[in-house]
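Peer 1: I need the structure of the sequence given here:
(chains A, B, C and D)
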2 protein chains.
Amino acid sequence: MTSERIVAIFGATSVVPEIVVSRLPQYVRALTSLNDQGVSVVSSQQLGDMIQMTPAQIRKDLSYFGRFGKQGRGYSVKFLLGELRRILGLDRAWKVCLVGVGRLGRAILSYPGFGPQGFDIVAAFDADPRQVGQMVGGIMVQPMHRMEEVLDEFGIQIAIVAVPVSQVQEVFSQLVGCGVGAIVNYAPTNPQVPHNVRVRNIDPVLALQSMTFYLS
Amino acid sequence: MTSERIVAIFGATSVVPEIVVSRLPQYVRALTSLNDQGVSVVSSQQLGDMIQMTPAQIRKDLSYFGRFGKQGRGYSVKFLLGELRRILGLDRAWKVCLVGVGRLGRAILSYPGFGPQGFDIVAAFDADPRQVGQMVGGIMVQPMHRMEEVLDEFGIQIAIVAVPVSQVQEVFSQLVGCGVGAIVNYAPTNPQVPHNVRVRNIDPVLALQSMTFYLS
DNA sequence: GTTTGTGAAGTATTTCACAGCC
DNA sequence: GGCTGTGAAATACTTCACAAAC
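Peer 2: Okay, the predicted model is just below:
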């Protein structure tokens, strides 16, 4: 995977591979679970057992960002969790907008897992005039032409897209034009975006299709 | 990524990396779209432009399975699509069960994207006695203890899991014990499974958390 | 005695580049 | 002239293995 961001530590400069960054949230999740269980110290071996990774990989990944452990003892769960959350920018709340309030969009709005993790869906848009003005999950659905204004007003940098394939590229272009830097895409297609915009696709059909090869 | 399956072609034997298999469904999706548009021939360059991959990678990936193109012309869309669908096992219908018919499970059941792609959700299970016996999306919710019997009856090898984190490991173990070989997991946790069982996780929160690092 | 942090070694994956074919 | 298929080269990523720290 491509190298993706330069991090300066003690004046030295090193590049963190994107694949390493993509694993940090899993560490955060495991550490949160340990913390909730009252565990105060964990070794890379134990953490690796929890999430099916080798201890060496965990230590190597962490070493891109600093030295968080103690030889002979392991890592303080609270300290490492705090550091990783800070590194990932999870020590703050993020405002998120949803584009597309159809069946899937409404399911996303009613999913209770985003808020507690610091992702607040505070605005929703739809191209359908019949949806605009309706209240969905406590949010007033806005017309597409108000996007720039609304994103600005709330300081939104993240979008979740749940529109039909035929509209995805246009929606992405508009979001990027409004300064959005990260998009979760639920539509089964890969829109073009500039290199400085991150996209993660959620596609259960692709997930299924990538496994049938291995079934009898 | 680890090598994963041995394919014999003309008596020769080669190992296909799992990462290559995981990209084939994207090729299938792009080729399906081209076919629907009436395009009959495509080059690796054009295909690469559609899905943001290099032409060399596409050609290399395809070369693990055979020789599907014509020098100077490119690939027949219909032919390549058919071959890839056959290779992935998408030239048949797959029966799928859902475990967990709460809010998320019901959204999955009502998602219209699975059936047309050959994945039919034909059974549903839940541990909650109040759910058992109810009809959800035309399917009768079964108790967990009938899993083996029902999977056998329908010939189900694929499961979708949408249960609370606290129940995921137990559900996975039961599914594996019933012979399921592929699982799409919507719960935010990584259960242990034997190496011969495939798992794909769907987790929008993890997706969001892996992008905030790159935002200002 | 245990476990980290990390260069070095080992694999895996991607890209190059070109012969061969249309 | 254009494009595939593919060894070889380049790059990316993972694992090893051990000195240093507790």
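Peer 1: say whether DNA strand C is contacted by the longest helix along chain A.
Peer 2: Longest helix of chain A, by residue count under DSSP state H: helix A:18-36. No: using C-beta under 7 Å from any atom of the strand, helix A:18-36 never reaches DNA strand C; the gap is at least 10.2 Å. (Glycine included, C-beta is placed from N, CA and C.)
Peer 1: that helix near chain B anywhere?
Peer 2: Yes: applying C-beta under 8 Å from any C-beta of the partner chain, one finds helix A:18-36 touching chain B at A:21-22, A:24-26, A:28-29.
Peer 1: which residues of chain A fall in helices?
Peer 2: In chain A, helices defined by DSSP H lie at A:18-36, A:44-51, A:55-63, A:77-88, A:103-110, A:147-154, A:165-177, A:204-209, listed in chain order.
Peer 1: returning to that earlier point: show me what the longest helix of chain A packs onto, helices and strands only.
Peer 2: In terms of contacts (3 or more C-beta pairs under 8 Å, 6 or more residues apart in numbering or on different chains; DSSP states H and E), helix A:18-36 is packed against strand A:3-9, helix A:44-51, helix A:55-63, helix A:77-88, helix B:204-209.
Peer 1: low-confidence ranges in chain A?
Peer 2: When residues are selected by pLDDT under 70, those of chain A lie in A:1-14.
Peer 1: show me which residues of it sit near DNA strand C.
Peer 2: A:43-45, A:55-56, A:59-60, A:62-63, A:67-75.
Peer 1: any residues touching the longest helix of chain A, and which ones?
Peer 2: A:1-5, A:42, A:47, A:50-51, A:53, A:58, A:61-62, A:64, A:77-78, A:80-81, A:84-85, A:87-88, A:90, B:188-190, B:205-206, B:209-210, B:213-214 (C-beta atoms under 8 Å, 6 or more residues apart in numbering or on different chains).
Peer 1: filter those to the buried ones?
Peer 2: Applying a neighbour-count criterion of 16 or more other C-beta atoms under 10 Å in any protein chain shown, the buried members of these are A:4, A:42, A:47, A:50, A:53, A:58, A:61-62, A:64, A:77, A:80-81, A:84-85, A:87-88, A:90, B:188-190, B:205-206, B:209-210, B:213-214.
Peer 1: also near DNA strand D: which of those, exactly?
Peer 2: The subset of these within reach of DNA strand D, counting by C-beta under 7 Å from any atom of the strand, consists of residue A:53.
Peer 1: TSV for the helices of chain A, including distance to residue B:111?
Peer 2: Compiled in TSV, the helices of chain A are given as follows (distance: least, C-beta to C-beta, whole Å):
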stretch	distance to residue B:111
helix A:18-36	25
helix A:44-51	28
helix A:55-63	34
helix A:77-88	30
helix A:103-110	7
helix A:147-154	26
helix A:165-177	14
helix A:204-209	8
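Peer 1: and of these, who's closest to residue A:134?
Peer 2: Taking C-beta to C-beta as the measure, these were each checked against residue A:134, and helix A:103-110 came out nearest at 10.4 Å.
Peer 1: quick one: contacts for residue A:92?
Peer 2: Residues in contact with residue A:92, defined by C-beta under 8 Å, 6+ apart, are residue A:118.
Peer 1: cool, and residue A:105?
Peer 2: A:98-99, A:124, A:126, A:136, A:162-163.
Peer 1: which two among these are spaced furthest apart?
Peer 2: The largest distance within these, taken as C-beta to C-beta, falls between A:136 and A:163 and amounts to 14.5 Å.
Peer 1: those two: who's more crowded?
Peer 2: Taking residue A:136 and residue A:163 together and counting by other C-beta atoms under 10 Å in any protein chain shown, residue A:163 has the greater number of neighbours (25 against 16).
Peer 1: what's the closest non-adjacent residue to that one?
Peer 2: Counting by C-beta to C-beta, 6 or more residues apart in numbering or on different chains, residue A:100 is the residue found nearest to residue A:163 once chain neighbours are left out, at 3.7 Å.
Peer 1: now for the one you found, how many residues are close by?
Peer 2: Counted with other C-beta under 10 Å, residue A:100 comes out at 25.
Peer 1: my guess is it contacts residue A:166. True?
Peer 2: No: with contacts defined as C-beta atoms under 8 Å, residue A:100 does not count as touching residue A:166, sitting 11.8 Å away.
Peer 1: to residue A:194, which of the helices of chain A lies closest?
Peer 2: It is, among the helices of chain A and with distance given as C-beta to C-beta, helix A:165-177, at 6.4 Å.
Peer 1: so what's residue A:90 up against?
Peer 2: If you count contacts by C-beta under 8 Å, 6+ apart, residue A:90 has them with A:28, A:84, A:117-118, B:209, B:212.
Peer 1: now do 6 Å
Peer 2: residue A:118 (C-beta atoms under 6 Å, 6 or more residues apart in numbering or on different chains).
Peer 1: up against chain B, what does chain A have?
Peer 2: A:21-22, A:25, A:51, A:88-89, A:107, A:113, A:117, A:119, A:157, A:181-182, A:184, A:190, A:198, A:200, A:202, A:204-215 (C-beta under 6 Å from any C-beta of the partner chain).
Peer 1: buried subset of these?
Peer 2: A:21-22, A:25, A:88-89, A:107, A:117, A:119, A:157, A:181-182, A:184, A:190, A:198, A:200, A:202, A:204-214.
Peer 1: re the thing from before, any idea of the angle the longest helix of chain A forms with helix A:77-88?
Peer 2: Calculated by axes from the mean of the first three to the mean of the last three C-alpha atoms, to 10 degrees, helix A:18-36 forms an angle of 140 degrees with helix A:77-88.
Peer 1: name the residues of helix A:18-36 that are buried.
Peer 2: Residues A:18, A:20-31, A:34-35 are the ones in helix A:18-36 that count as buried (16+ other C-beta under 10 Å).
Peer 1: and DNA strand D, which of the residues you listed reach it?
Peer 2: When C-beta under 7 Å from any atom of the strand is applied, the members of the buried residues of helix A:18-36 adjacent to DNA strand D are A:18, A:20.
Peer 1: chain B: which of the buried residues of helix A:18-36 is nearest?
Peer 2: Taking C-beta to the nearest C-beta as the measure, residue A:25 is the one of the buried residues of helix A:18-36 closest to chain B, at 3.8 Å.
Peer 1: picking up where we left off before, restricted to strands, list the contacts of residue A:105.
Peer 2: For the contacts of residue A:105, membership in strands holds for A:98-99, A:124, A:126, A:136, with DSSP state E as the criterion.
Peer 1: I'd like those as TSV, with distance to residue B:145 appended.
Peer 2: Formatted as TSV, those follow (distance: C-beta to C-beta, whole Å):
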residue	distance to residue B:145
A:98	39
A:99	43
A:124	42
A:126	44
A:136	39
